[in-house]
Structure formats: C-alpha cells, structure tokens
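1. please work out how this folds:
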Amino acid sequence: MRRVSVFGATGSVGQNTIDLIARRPEDFEVVVLTGGRNIGLLAEQAQQLGAEFAVTAHTELLPDLQAALAGSGTKATAGREALLAAADIPTDWAMVSVVGFAGLEISLRVAEQARVLALANKESLVCGGTLLKSVCIRHETTLLPVDSEHSAIFQCINGQDKVVERIILTASGGPFLNASLEHMAKATPEQAVAHPNWDMGQRISIDSASMFNKAMELIETYAFFDVRADQIEVIIHPQSIIHSMVGYTDGALMAHLGPPDMRAPIGFALNWPERADLPVERLDFGTLGALTFQHPDTNRFPAIALAEQVMARGGLSGAVFNAAKEQALDLFLDRRIGFLDMARIVEKTLESTQIEGQDSAPNLDAITQADNMARARAVELSKDINV
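-> The predicted structure follows:
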C-alpha cells in the first residue's frame, strides 16, 4: 500500500482525488486530508478513507472538526502550523490542490518529504517555480503536473523534451468568449462564475472567465517545462476536448484528447508511471462533432499579454502578478471594481511595484515580501476606480 495525503481535499480537485482513492482502498493508506470551512465534508472524507489526520486551515473550527470525528480514530488539528506539520509527514504520494498563494509553502514542505508531489496549485510554480523545482531536485522528489493542460503536455512530451519546438495551451474561452467589451465591463460575479464546460470553484471559474487562469498556466508551462516563452502559444478551443498540444522539430504535432473530467489528469498522476483504468467517459468520435479553434482576443483578454511580460521579466514578477490578480479578484467579488478592472489593476501593479533583488534566485521570504507589497499596491490602485 502507498501512503498518500491530499492537501485541499474538500475542493474540486481534492474531491475528485478522493473519489479515485476511495475506489481502491486496498492500494492506499491515507495519512492526511486537509480542508477549509467545509468541516462536514472533510470529516466525512476522513472517516470514509480512515485518514490518520484531518486538518482544517481555520483554528476556530477545530471544535467542530473534533466533534465530527469523535470516535473515528482520526486526529483533528487546525491552523497554519498544523498544516505545515502535516506537510512534513513522509508519504509516497501527495496531492497539493490548496487554492492560492498559501499553497506555495505547503508545496515546498511536501516536496521535502514526499516521493511524488502531484501539483494542482498554480501559485507554487507561478510564484516560486525555480525554488520549488530546486527543492524537488535536492530531495529527489518527482514533481507531476495535475492541471489538465500541463498533464497533457507532460504526456505528449513523454521524455522527448530535447526536440520540442512549440507548446500549444488550449483554452475554453469561458462564458465571455464572444461577449462584447461593453457586456464584460458590466459582468457580475454570478455571470463570471458560469463556466460552460467545467464545474469548478468560484475563484478559478472567474479566473477562467477573465483568462487569468490561462495566463497563470502560461507562466506555469514556462516554469515547469524549461522552454522559452516564445515557444508557448494559447489557442481558444471551446469544446475542451483537446487539452493541449506539443509540436516537434520535424513538424509533427501531438495532441492529448479526452473528456473534460479532472479525474483523468489526477488519475494519471496517481498511477504514474503506470496507467490504470479510470472512471471517465470514453470519446465517441462519431458523435463528437466539430472541434473548433480561434486565436484569443488580447483586447478583451489582456491577461495573456500580462503573463508574457512576467515571463520576460522573471525574478519575483510571478509573485507580484499572482498577488495582484488574487487581490483584484477579491475586489471584484466584493463588487468594489468591475470585471475588466481586474486586468487594469494587475497591469498597474506590475508597472509600479519595485522589489529589491528582482533578478536574484528568490527564496520564500523574498516571495512572501513581494506578495505582500503587491497586494497592498493593488488595493491602493483600486481606490482610483469607480464602479
């Protein structure tokens, strides 16, 4: 049996991971499950899988978690230090699907202890890709991508990284693919969260609607696969059947196809280097219909161009970009700025946040400092915007 942990078990990726683990109880010994405020679901998952530890990020909810797990044999803990202590427990395989910047520190800790780190936290690579990869190398930890696009790229490359010419990331286009700028300017959080293909959490759905999610994935690709920024492209593919493509120096193009089901990339990482049967739909090409593509409109979706700036600048730019994006999203959810204002705030924050040591190899303290400064700057900039 393999010892496994899931950080972010109650989120969308976490729940799909739990689904796959629960189907094969004879193969996995569950060490840690962590979650946020959904105490009922976290306790249910821990009891279902017989987890050793269940951890909530919120200390005030510890009594609720303890009560829900009473008599189960699972130990309940809470708070940041408890999360980091859980990350320090050795495992054979660990999923990190914690949302946001908080996932970086957890990823770094897990990378020191796990044999395989399955990464579904974008911020870990966007903010600290160089640092995380160096920790994985030092501790001989295998880093596997779980985002559907990066899992697809990983599978298409299949060890042939020396002859890769181009990487093509596909994007669904989200709910505003064909919307006018006027409509997007008036969009509400409720409209932005309505993704046409994926059932995701609120924040990632809105990131998808603005294409900040794809911008993050551009930076992730640059960090993970060691390619030049000009080798990475984005193409709109509304059907979300092709998850990404890799082009080779001989002109060949490898595409990864599959239904829009996160259990596919999660299952690939869970079973790597082998493959196992997964409970996902099999494509029927006779009924699939047309697959269409178009270039992204950078006037309506400026996040892509901002990601290109980040890749060109390097250093701590990824941390600034992510912090500004997260803060702008909070402001939009609070209805303090409009949908299109998010990109304006990120752009201005990138332009005006000056950080010492920008060109040096960043450590966690430097990354955290950049994050804090960028968040404060984004809030300051938002005061000049009238909704």
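2. quick one: the helices in the stretch 251-387 of the chain, in order.
-> Under the criterion DSSP state H, counting those that start in this stretch, the stretch 251-387 of the chain carries helices at the ranges 263-271, 285-288, 303-313, 317-333, 341-352, 364-382.
3. how far is the last one from where the chain is centred?
-> What separates the centre of helix 364-382 from the centre of its chain is 20 Å, taken as C-alpha atoms, centre = their mean, to the nearest Å.
4. what does stretch 284-291 give?
-> Stretch 284-291 has its C-alpha centroid displaced from the chain centroid by 29 Å (C-alpha atoms, centre = their mean).
5. residue most distant from the centroid, this protein?
-> Residue farthest from the centre of the chain, counting by C-alpha atoms, centre = their mean, is G71 at 34.7 Å.
6. packing partners of the helix or strand bottoming out on mean pLDDT in the chain?
-> Lowest on mean pLDDT, DSSP states H and E among the helices and strands of the chain sits helix 202-210, with a mean of 89. With contacts defined as 3 or more C-beta pairs under 8 Å, 6 or more residues apart in numbering; DSSP states H and E, the packing partners of helix 202-210 are helix 189-192, helix 212-225, helix 317-333. Quick note: C-beta positions are derived from backbone N, CA and C, even for glycine.
7. can you rerun that using 7 Å?
-> Using 3 or more C-beta pairs under 7 Å, 6 or more residues apart in numbering; DSSP states H and E, the elements in contact with helix 202-210 are helix 189-192, helix 317-333.
8. ok, the residue nearest to V55 when sequence neighbours are not counted - contacts?
-> For V55, the nearest residue in space outside its immediate sequence neighbours is T34; the separation is 4.3 Å by C-beta to C-beta, 6 or more residues apart in numbering. Contact partners of T34, counting by C-beta atoms under 7 Å, 6 or more residues apart in numbering, are 7-9, 55, 83, 86.
9. among those residues, who's most crowded?
-> For the contacts of T34, neighbours were counted using other C-beta atoms under 10 Å, and A9 has the most, 30 neighbours in all.
10. my guess is that residue meets I18, correct?
-> Yes. Under the criterion of C-beta atoms under 7 Å, A9 lies in contact with I18, with a separation of 5.9 Å.
11. which neighbours do those two have in common?
-> Among the neighbours of A9, those also in contact with I18 (C-beta under 7 Å, 6+ apart) are Q45.
12. which other residues reach stretch 278-290?
-> Contacts for stretch 278-290 (C-beta under 7 Å, 6+ apart): 241, 257-259, 261, 263-264, 267.
13. distance-wise, check the residue nearest to V55 relative to I235.
-> According to C-beta to C-beta, to the nearest Å, T34 stands 35 Å off from I235.
14. what ranges do the strands span in the stretch 101-250 of the chain?
-> Listed in chain order, the strands of the stretch 101-250 of the chain (DSSP state E, counting those that start in this stretch) span residues 114-119, 142-145, 164-171, 232-236, 242-248.
15. who does S244 bridge with?
-> Beta-bridge pairing of S244 under DSSP bridges involves L169, H256.
16. what residues are up against it?
-> 149, 152-153, 168-170, 256.
17. now do 6 Å
-> With contacts defined as C-beta atoms under 6 Å, 6 or more residues apart in numbering, the neighbours of S244 are 149, 152-153, 169-170, 256.
18. just flag the most distant two among those residues.
-> Farthest pair in these (C-beta to C-beta) is L169 and H256. Separation: 11.4 Å.
19. reformat the contacts of S244 as JSON lines; add pLDDT, neighbour count and distance to T249.
-> Formatted as JSON lines, the entries for those read as follows, by pLDDT from 0 to 100; neighbours: other C-beta atoms under 10 Å; distance: C-beta to C-beta, whole Å:
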{"residue": "E149", "pLDDT": "95", "neighbour count": "26", "distance to T249": "22"}
{"residue": "A152", "pLDDT": "97", "neighbour count": "28", "distance to T249": "20"}
{"residue": "I153", "pLDDT": "98", "neighbour count": "28", "distance to T249": "16"}
{"residue": "L169", "pLDDT": "97", "neighbour count": "23", "distance to T249": "19"}
{"residue": "T170", "pLDDT": "96", "neighbour count": "27", "distance to T249": "21"}
{"residue": "H256", "pLDDT": "97", "neighbour count": "22", "distance to T249": "19"}
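20. the inter-axis angle of the helix or strand containing the residue nearest to V55 versus helix 263-271?
-> T34 belongs to strand 28-35 when assigned by DSSP states H and E. Regarding strand 28-35 and helix 263-271, their directions subtend 120 degrees when assessed with axes from the mean of the first three to the mean of the last three C-alpha atoms, to 10 degrees.
21. check which element follows strand 28-35 along the chain.
-> Using DSSP H and E, the helix or strand that follows strand 28-35 in sequence is helix 39-49.
22. ok now that following helix, how far from the chain's centre?
-> In terms of C-alpha atoms, centre = their mean, the centre of helix 39-49 is found 23 Å from the chain centre.
23. quick one: buried residues of it?
-> 39, 41-43, 45-47, 49 (16 or more other C-beta atoms under 10 Å).
24. which parts of the stretch 1-150 of the chain are helices?
-> Counting by DSSP H, counting those that start in this stretch, the helices of the stretch 1-150 of the chain are 12-22, 39-49, 62-68, 80-87, 102-113, 122-138, 148-157.
25. okay, now I106: neighbour count?
-> Counted by other C-beta under 10 Å, the residues lying close to I106 total 22.
26. how about T298?
-> 14.
27. surely it meets A305?
-> Yes. Contact status for T298 versus A305: in contact at 5.2 Å, counting by C-beta atoms under 6 Å.
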